[in-house]
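*Asks:* using only what follows, build the 3D model:
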Amino acid sequence: MKVRASIKADPSKGDKMVRRRGRLYIINKRDPNRKQRQKG
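*Replies:* Sure thing, here's the model as predicted:
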């Protein structure tokens, strides 16, 4: 999982933006390597 200060989701590549416990995550079932979490 990549941890970044600013994250962008690309829905055409299967990204979904989710807020869990106050943090922003990007999850992707099609390409799990694209998982990201926002710092802070």
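*Asks:* for residue 19, give the beta-bridge partners.
*Replies:* Taking DSSP bridges, one obtains residue 24 as the residues bridged to residue 19.
*Asks:* what count of nearby residues applies to it?
*Replies:* Residue 19: 9 surrounding residues under other CB atoms under 10 Å. (C-beta placed from N, C-alpha, C; glycine too.)
*Asks:* again, but for residue 30
*Replies:* The number of residues packed near residue 30 is 8, by other CB under 10 Å.
*Asks:* need the strands for this protein, in chain order.
*Replies:* Listed in chain order, the strands found in the chain under DSSP state E are 2-4, 16-20, 23-27, 36-38.
*Asks:* tell me which residue lies nearest the centroid of this structure.
*Replies:* residue 26 (1.6 Å; CA atoms, centre = their mean).
*Asks:* how far away from the center of its chain is stretch 5-14?
*Replies:* 6 Å (CA atoms, centre = their mean, to the nearest Å).
*Asks:* now for residue 35: which residues touch it?
*Replies:* By CB atoms under 8 Å, 6 or more residues apart in numbering, residue 35 lies in contact with 1, 2, 25, 26, 27, 28.
*Asks:* at 7 Å instead, please
*Replies:* By CB atoms under 7 Å, 6 or more residues apart in numbering, the residues touching residue 35 are 1, 26, 27, 28.
*Asks:* give me the pLDDT value at residue 30.
*Replies:* Looking at residue 30, its pLDDT reads 97.
*Asks:* any idea how far the residue nearest to it when sequence neighbours are not counted is from residue 28?
*Replies:* Computed as CB to CB, 6 or more residues apart in numbering, the closest residue to residue 30 that is not its neighbour in sequence is residue 14, at 3.5 Å. Residue 14 sits 5 Å away from residue 28, going by CB to CB, to the nearest Å.
*Asks:* to residue 10, which of the strands of the chain lies closest?
*Replies:* Of all those, strand 23-27 sits nearest to residue 10, with 8.9 Å by CB to CB.
*Asks:* list the buried residues in stretch 26-40.
*Replies:* By 16 or more other CB atoms under 10 Å, the buried positions in stretch 26-40 come out as 26, 27, 28, 34, 36, 37, 38.
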